[in-house]
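Q: How does the following fold in three dimensions:
(2 chains)
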Amino acid sequence: MTDNGILKVAMPKGRIYKQASKLFRQAGLPIPEDFDDSRKLIIPVPEANMEFIMAKPVDVPTYVEYGVADIGIVGKDVLMEENKDVYELLDLGIAKCRMSVIGLPDWKPVIHPRVATKYSNVASQYYREKGEQVEVIKLNGSIELAPLIGLADRIVDMVETGTTLRENGLVEMETLFQVTSRLIANRVSYRLKNTAIQELCDRLSTVIQVSV
Amino acid sequence: MSKPKVFEKPTGVKDYLPHAVAKLRRIERNVLDCMHRWGYEQIMTPTIEYYDTVGVASATSDQKLFKLLNQKGTTIVLRSDMTAPIARVVGSLLKDKEFPLRLSYHANVFRAFEDKGGREAEFFQTGVELVGDASPEADAEVIALAIASLQAAGVPAFKIAIGHVGFLNGLFEETLPGRADEQEALKECLLQRDHVGYRDILRKLVISDSVREELEGILRLRGGQEVCSQALELSSNPDAKAAIRHLCEIWDNLTAYGVQEHVLIDLTMIGDFSYYTGMTFEGYASNLGFPVCSGGRYDNLLEQFGRKSPATGFALKTTRIMEVVEDGAEEGQRTLIAYAQERKMDAIRAATMRRANGEIVVTALVSEEELDSFVGMVNRPLTFKGVEYDQFVLVNGKEGQA
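A: Okay, the predicted model is just below:
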């Protein structure tokens, strides 16, 4: 939130960055496709009057909530899981996928249902609201393993194409919600850097393809 | 849970060391002095209140209230703000006092711990309540005082965003008459700052394209005075129009105060709908990701304490303001009087005289050897046992030398 008019943008490293930077370029912002030194954490982009903070996607809402980044780009999955106090300004329509319940094709109800997931808040809330009692097991990766080796009877995870699921003999059982990347803003920056943020929103809006 | 380790404290609470306390007190004093000059008198209320009275009336949601049981099993809350306790006092102890009442406070308030960034379980608020005046002049006075208070606190650069709950209520009632659930869903999105969700709901609503455009348009109603005229064109609902006119009058008053450079209008900014009844505002400082003050009009609260009347006010988030304010220079000279055993009376008498003159004086009995090393350092700055002194006085030798 420095006052020199530079927007500090928390950018997710990896997959989403490529798509987001493409969208920014389509909107007429001169953002490089890739950076020479990908280990750099803070990247000035003076051409666009911005500074990128390269973050692990799950940390983007935290940087924005505390105001060390004015705005950020993050998947709806992370926003739902982290539940931070930030403005959700735009659906960028990129990095499309869905949050789903996944299991083995011959799944049958069990006495002590267990659901493994990276998204423990999302999963807990989903089953709580449905009135189903399940034990949610937090895992940090290779979620698909859980039903294969009997740790859980189902998993809650993101599905993009479903290839990984099919390769592991798993099927999608229910969809919780659709996921795309969002533009988020800090409460204070949204007011103090209103002009710059609104201009960015307007530019991006013209190139976003939102499927309804 | 296992027994806490010896240095552990409950989550969300803090110790304040001397330099932090000095800073907090300085801010508190400057702000309260400022409020005093505007005719606001300071009030103190108890830390604990009944859940069923002040707890229920407060703007804090139930799960964020710190609850305890007293020895009779009645639920007690640690105060979560000062507005509800002051409303209780206005309805009881001050019930015969004529309106308007101008009251100020500085107090620690409590919120049950939330697992969210920057939230503390105990923090300090400094604020005012202006009770018994519904005019735009009263709202403007409170906003102008908030600005003066932030300046008095030493906040270098800040903006105040003003909104009005009446505008959105009126606009929704006009465009979605009788569709309470849909109105509620849209408001909830705005309250959650979820503009994507807000647009999604609009897209799915059965409404004409012009209404949809109108409702989407409010997301852009941010800026200066021009926003008011844009908003007037948007809605023909009398409530919405009255809200905007009220805002315009507040703006005109703020111009008279000469503070409009600090003020923005943001009609999407909404506080808690069940609590605020009119104008609401929030203050933002550069270099801090969280608001530094918030306030607004709450005309329904006093009724709950038997004295129906309009009221408006604000609270500075003093604990947060500490983060953006420069450390002040220490006030007052600090003198060390070191003395030999046989000159104790003289030394203490000298210290008493200096203290009476407002100096900060520390006395120290020192040994013969130490005395020797001190000679030659008299009347100069000195560090003694880790503390810095501006002046050093040595009381030794014969009577009558100090």
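Q: Near chain A, which residues of the stretch 101-250 of chain B are found?
A: B:116-118, B:157, B:159, B:161, B:192-197, B:199-200, B:203, B:220, B:222-223 (CB under 8 Å from any CB of the partner chain). All C-beta spots, glycine's among them, are computed from the backbone N, C-alpha and C.
Q: I'd like to know which of those are buried.
A: Buried members of these, scored by 16 or more other CB atoms under 10 Å in any protein chain shown, are B:117, B:159, B:161, B:193-197, B:199, B:222-223.
Q: follow-up on the earlier one: restricted to strands, list the residues of the stretch 101-250 of chain B next to chain A.
A: In strands, defined here by DSSP state E, the members of those are B:159, B:161, B:222-223.
Q: If B:Phe123 is in a bridge, with which residues?
A: Under DSSP bridges, the beta-bridge partners of B:Phe123 are B:Val109.
Q: Correct me if wrong: it contacts B:Ile321.
A: No. With contact defined as CB atoms under 8 Å, B:Phe123 does not count as touching B:Ile321 (10.7 Å).
Q: Looking at these two now, which is surrounded by more residues?
A: Higher neighbour count among B:Phe123 and B:Ile321: B:Ile321, with 27 against 18, using other CB atoms under 10 Å in any protein chain shown.
Q: what's next to the helix or strand hosting the more buried one, contact-wise?
A: For B:Ile321, the host element (DSSP states H and E) is helix B:318-324. Helix B:318-324 has contacts (CB atoms under 8 Å, 6 or more residues apart in numbering or on different chains) with B:20, B:23-24, B:27-28, B:31, B:106, B:118, B:120, B:123-126, B:150, B:153, B:155-156, B:285-288, B:290-292.
Q: what comes up buried for it?
A: If you call a residue buried by 16+ other CB under 10 Å, then helix B:318-324 has these buried ones: B:318-322, B:324.
Q: same thing with stretch B:213-223?
A: Burial within stretch B:213-223, assessed by neighbour count using 16+ other CB under 10 Å, is assigned to B:214-215, B:218-219, B:221-223.
Q: what's around the closest residue to chain A within the stretch 151-300 of chain B, how many residues?
A: Residue nearest to chain A within the stretch 151-300 of chain B (CB to the nearest CB): B:Gly289, separated by 1.9 Å. Neighbour count of B:Gly289, defined by other CB under 10 Å: 25.
Q: quick one, what contacts the nearest residue in space to it that is not next to it in sequence?
A: Distances taken as CB to CB, 6 or more residues apart in numbering or on different chains put A:Gly67 closest to B:Gly289, at 1.9 Å, once the chain neighbours are dropped. Neighbour list for A:Gly67: A:1, A:186-189, B:288-290 [criterion: CB under 8 Å, 6+ apart].
Q: what's the longest strand anywhere in chain A packed up against?
A: Using DSSP E, we find that the single longest strand of chain A is strand A:171-179. Strand A:171-179 is packed against helix A:76-82, strand A:97-103, strand A:154-159, with contacts defined by 3 or more CB pairs under 8 Å, 6 or more residues apart in numbering or on different chains; DSSP states H and E.
Q: same thing but at 10 Å, please
A: Under the contact definition 3 or more CB pairs under 10 Å, 6 or more residues apart in numbering or on different chains; DSSP states H and E, strand A:171-179 sits against helix A:76-82, strand A:97-103, helix A:120-130, strand A:154-159, helix A:163-167.
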